[in-house]
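>>> A predicted structure for the sequence below; I have some questions about it.
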Amino acid sequence: MLGAAEDVRLEISVGCLGVLWCAYNVVWKGETTPLFGRQLPMVNSKLALIRTFGCQMNERDTETIRGLLQQEGYGFTDNPEEADLILYNTCCVRENPERKVYGQVGQLQELKAKRPGLIIGICGCMPQQKEELPVMLERLPHVDLFFGTHNIHRLPELLHRVCTTGERVVEILDDSDEPIEGLPALRSNDFKAFVTIMHGCNNFCSYCIVPYVRGRERSRTPEAVLQEIRILADRGVKEVTLLGQNVNSYGKDLKSDIDFAQLLELVNEVPGIQRIRFTTSHPKDISDRLIRQLGRLDKVCEHLHLPVQAGSNNVLRRMNRRYTREYYLEIVEKVRQEVPGVSITTDIMVGFPGETDDDFADTLSLVEQVRFDSAFTFIYSPRKGTPAAELLDQVPEEVKKERIYKLIEVQNKVSLEINQSLVGSEVEVLVEGTSKSDAQMLTGKTRTNKTVLFAGTRELIGELVKVRIIEAQTWSLVGELI
Ligand code: 5AD
Ligand code: SF4
């Protein structure tokens, strides 16, 4: 069978509507994919709709899913009415996105009743949770396919099984040993790209579900990362963002003694790449050598996303973050010395179990002391299976809300002040597209990851241009082309 290139037309006569629909519509092509050396079906002229929730890692996974589906002959649509496959790539870090998935997928029941041949799937972090999966299976009876974060590469075969058996297919695997290489990707942008450098997380912050659903840290080899980046550069990509839950521990699990600082150096040498970003950094693992590299390597952008989570040592200890407020402040100081003009952004959570008014006041004072350029702010939500969810001193919802409003108010004031200080300066912008509200305005990002709006024509999309800042807002800047 391997390497066979014959056309095979499948005729199936099973009394299930879904299967009949597949047999009627689908032309199977015997085709060996270069990826797995296995004969996989090719589905012609089908349309897929993929909804993605959560972090950049999920967005990157969706690009792989789109690549795999494209190889299977799928096109893409945003319209559920014309989709043959609707796939939700889900996030379980907080309760809110989970609730949305239940709501949106629940509503698809009507569409499924009208068109039984429609395949509905859920993948990503939600089904990967051992305790949530049975709930999903029961609450979403019209979903045909469930798979997790470790078996995305199996999608073509799983889809084939749904079509040929007409039965619900559920395949969730525990950690795969090594990252799977060579998967296709349909990128969402021509000039900037996410590149996953490692999977999983070993940190087990007490509130966080990620290590349970993404498994232990597994670094891709530097060769694989560089090869991907060289190919991207050859295709015209100018900016890469290196992704990992904790990029600072890159390489610790590899046989070679490479670390993240060295990887940055290697990526910095790839011709064509003009900007390098990375996320996320855990403060406990950021080395002095890495901080020096950030200032030294010309393509590495002057932006560090360094989640602090809380300003109180008490809370940090119970979060199992393994650094103190003082240590965090020291890092910020070092980074500002080594990387002039750096912007520092963060993630902050309020309402962690047992967080007192004094603890929260420590968070506010840290925000004022560090002066973050911006912050993602979250209300703590208990995640089943994590140690913090078992703590008895959960903070009441009203208190959490009051605290987040206060935190946002303080941070917004700082963000605006920092942005105002940039008025009159010249910045380099990678032009990303036109503004959603005004097609005459272009939008792009500075090296410090700030959004800039300015008047210009569409030919500039994908280009690096110089812009003078003329006006500051809390979350963006307005400029004029120089
Ligand atoms: N509740 C609220 N926010 C959380 N985060 C992670 N887990 C939780 C949770 N249980 C936040 C952290 C992390 C970001 C990606 O999501 O701030 O840095
Ligand atoms: Fe979650 Fe902590 Fe790992 Fe980040 S470092 S993914 S917060 S466990």
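Cool, got the structure. Numbering: from 1, shown residues only. Ligands and ions are numbered 1, 2, ... in the order given.
>>> what about Arg296, neighbour count?
Arg296 has 14 neighbouring residues, counting by other C-beta atoms under 10 Å. Quick note: C-beta positions are derived from backbone N, CA and C, even for glycine.
>>> do I have it right that Ala472 meets Val423?
Yes: counting by C-beta atoms under 8 Å, Ala472 does reach Val423; the two are 5.5 Å apart.
>>> for the two, indicate the residue with more neighbours.
Just comparing Ala472 and Val423: by other C-beta under 10 Å the higher neighbour count belongs to Ala472, 18 against 14.
>>> model confidence for the more buried one, exactly?
According to the prediction, Ala472 has pLDDT 98.
>>> show me the contacts for it.
Leu416, Asn419, Gln420, Leu422, Val423, Val478 (C-beta atoms under 8 Å, 6 or more residues apart in numbering).
>>> make a PyMOL selection of whichever of the residues you listed turn out to be buried.
Of these, the buried ones go into a single PyMOL selection, burial set by 16 or more other C-beta atoms under 10 Å:
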select buried, resi 419+422+478
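>>> and the contacts of Ala472 as CSV, adding pLDDT, secondary structure and distance to Gly351?
Shown next, in CSV, are the contacts of Ala472 (pLDDT from 0 to 100; DSSP: H, G, I helix; E, B strand; the rest coil; distance: C-beta to C-beta, whole Å):
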residue, pLDDT, secondary structure, distance to Gly351
Leu416, 98, helix, 25
Asn419, 98, helix, 28
Gln420, 98, helix, 31
Leu422, 98, coil, 33
Val423, 98, coil, 36
Val478, 98, strand, 35
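>>> distance to ligand 2 for the contacts of Ala472 - can I get that in a markdown table?
Compiled in a markdown table, the contacts of Ala472 are given as follows (distance: C-beta to the nearest ligand atom, whole Å):
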| residue | distance to ligand 2 |
| --- | --- |
| Leu416 | 28 |
| Asn419 | 28 |
| Gln420 | 32 |
| Leu422 | 30 |
| Val423 | 35 |
| Val478 | 34 |
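>>> what residue in the stretch 51-200 of the chain comes nearest to ligand 2?
Residue nearest to ligand 2 within the stretch 51-200 of the chain: Val93 (7.7 Å; C-beta to the nearest ligand atom).
>>> where's that residue relative to Met126, distance?
Here Val93 is placed at a distance of 10 Å from Met126 (C-beta to C-beta, to the nearest Å).
>>> go on, Asp358?
From Asp358 to Met126 the distance is 36 Å (C-beta to C-beta).
>>> compare the two and say which is more crowded by neighbours.
Met126 (28 against 9).
>>> helices or strands up against the helix or strand hosting the more buried one?
Assigned by DSSP states H and E, Met126 falls within helix 125-128. Packing partners of helix 125-128 (3 or more C-beta pairs under 8 Å, 6 or more residues apart in numbering; DSSP states H and E): strand 85-90, helix 133-139, helix 210-214.
>>> can the last one be found next to ligand 2?
Yes: judged by C-beta under 6 Å from any ligand atom, helix 210-214 comes into contact with ligand 2 through Val210, Pro211.
>>> give me the mean pLDDT for that helix.
Per-residue scores along helix 210-214 average to 95.
>>> what packs against it?
So helix 210-214, by 3+ C-beta pairs under 8 Å, 6+ apart, packs with helix 125-128.
>>> so Ser415 sits against Thr474, correct?
Yes: using C-beta under 8 Å, Ser415 is in contact with Thr474, at 5.2 Å.
>>> of these two, which one has the most company?
Ser415 (22 against 15).
>>> state the distance from that one to ligand 2.
From Ser415 across to ligand 2, the span is 23 Å (C-beta to the nearest ligand atom, to the nearest Å).
>>> try Gly444
28 Å.
>>> who does that residue bridge with?
Val431, Val452 (DSSP bridges).
>>> now do it, the pLDDT please.
The model's pLDDT for Gly444 equals 98.
>>> same deal with Asp438?
89.
>>> which residue, other than its chain neighbours, is closest to Ser249?
Among residues not flanking Ser249 along the chain, Asp285 sits closest, at 5.2 Å (C-beta to C-beta, 6 or more residues apart in numbering).
>>> what is the end-to-end distance of stretch 414-429?
23 Å (C-alpha to C-alpha, to the nearest Å).
>>> please disregard the earlier target; I meant stretch 279-295.
Note: stretch 279-295 ends 16 Å apart using C-alpha to C-alpha.
>>> repeat for stretch 208-225
One end of stretch 208-225 to the other measures 27 Å (C-alpha to C-alpha).
>>> got it, and stretch 457-476?
20 Å.
>>> point out the residues in this protein that sit beside ligand 1.
Counting by C-beta under 6 Å from any ligand atom, the chain comes close to ligand 1 at Val93, Arg94, Tyr207, Cys208, Pro307, Gln309, Asp347, Met349, Phe378, Tyr380, Ser381, Arg383.
>>> per-domain residue ranges of the protein.
1-43, 44-188, 218-301, 303-421, 426-481 (automatic domain parsing).
>>> what average pLDDT does the second one get?
Per-residue pLDDT values over domain 44-188 give a mean of 95.
>>> and that domain, how far from the chain's centre?
16 Å (C-alpha atoms, centre = their mean, to the nearest Å).
>>> residues touching the nearest residue to Asn246 once chain neighbours are set aside, list them.
Distances taken as C-beta to C-beta, 6+ apart put His282 closest to Asn246, at 4.4 Å, once the chain neighbours are dropped. Contacts for His282 were tallied using C-beta under 8 Å, 6+ apart; they are Asn203, Asn246, Asn248, Ser249, Pro307.
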